[in-house]
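K.L.:
Can you look at this prediction? I've put the sequence above it.
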Amino acid sequence: MENQNQVHVFATWKVKEGQIENVLNLLQTVHDESIKEEGNLFYKIHQSNSDLNTLILFEGYINESAVTEHRNSAHFQDVVLGKIVPLLENREIVLAKPLEY
C-alpha cells in the first residue's frame, strides 16, 4: 500500500489531576474499537515520562476520509467526546502526512 494519502494523527491530551486511570480505562475501549475500523492502520497510546497526566495518541489512517469516519464513529462520539474530553485540561490534535525519504 502506498503512503501517498495516509494521514497520521498526533493528539496530545493533558488529563485533569486524579483522572488518568479513568481516561486510560476509557481509552482501552476506544483503542479496541478504532483498530477494527476499515481505514485504521494503527492506534497507539503513549504516556509522557515527565508528566504522567500527559498522553500522546499516535494514529494512522489510509486517508482523510478514514479520519472523518473515525471521528463520526459511535465510540469516538460517545467515549472520546462524551466521556474523555470532560476529563481533560487541554487537547491538541495535529494531522500530518508521512514523508518518504
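P.N.:
Cool, the structure landed.
K.L.:
Show me which parts of stretch 49-61 are buried, residue by residue.
P.N.:
Applying a neighbour-count criterion of 16 or more other C-beta atoms under 10 Å, one finds 53-55, 57, 59-61 buried in stretch 49-61. For glycine as for every other residue, the C-beta is placed from the backbone atoms N, C-alpha and C.
K.L.:
Filter those down to just the ones in strands.
P.N.:
Mapping the buried residues of stretch 49-61 onto strands (DSSP state E) picks out 54-55, 57, 59-61.
K.L.:
Redo those residues as CSV? Include pLDDT.
P.N.:
Below are these laid out as CSV (pLDDT from 0 to 100):
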residue, pLDDT
54, 98
55, 98
57, 98
59, 98
60, 98
61, 98
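K.L.:
can you redo those as TSV with distance to residue 7?
P.N.:
What follows is these, written out as TSV (distance: C-beta to C-beta, whole Å):
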residue	distance to residue 7
54	23
55	20
57	13
59	9
60	8
61	5
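K.L.:
Tell me the one of these nearest residue 29?
P.N.:
Nearest to residue 29, judged by C-beta to C-beta, of those is residue 57 at 13.7 Å.
K.L.:
That closest one and residue 47, how far apart?
P.N.:
Residue 57 sits 11 Å away from residue 47, taking C-beta to C-beta, to the nearest Å as the criterion.
K.L.:
Residue 5 too?
P.N.:
With the distance defined as C-beta to C-beta, residue 5 ends up 30 Å from residue 47.
K.L.:
quick one: contacts of stretch 65-80?
P.N.:
7, 9, 26, 29-30, 33-34, 37-40, 59, 61, 95 (C-beta atoms under 8 Å, 6 or more residues apart in numbering).
K.L.:
got the CA coordinates for it in CSV?
P.N.:
Taking Å, rounded to 0.1, in the frame of the first residue of the first chain, the C-alpha atoms of stretch 65-80 are listed here in CSV:
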residue,chain,number,x,y,z
SER,A,65,-12.0,10.0,4.7
ALA,A,66,-11.0,7.3,7.2
VAL,A,67,-10.1,10.0,9.7
THR,A,68,-13.6,11.5,9.2
GLU,A,69,-15.2,8.1,9.5
HIS,A,70,-13.3,7.6,12.8
ARG,A,71,-14.4,10.9,14.2
ASN,A,72,-18.0,10.2,13.2
SER,A,73,-18.0,6.7,14.8
ALA,A,74,-20.1,5.9,17.8
HIS,A,75,-17.1,5.1,20.0
PHE,A,76,-15.4,8.4,19.2
GLN,A,77,-18.6,10.5,19.7
ASP,A,78,-19.7,8.6,22.8
VAL,A,79,-16.5,7.8,24.6
VAL,A,80,-13.9,10.4,23.4
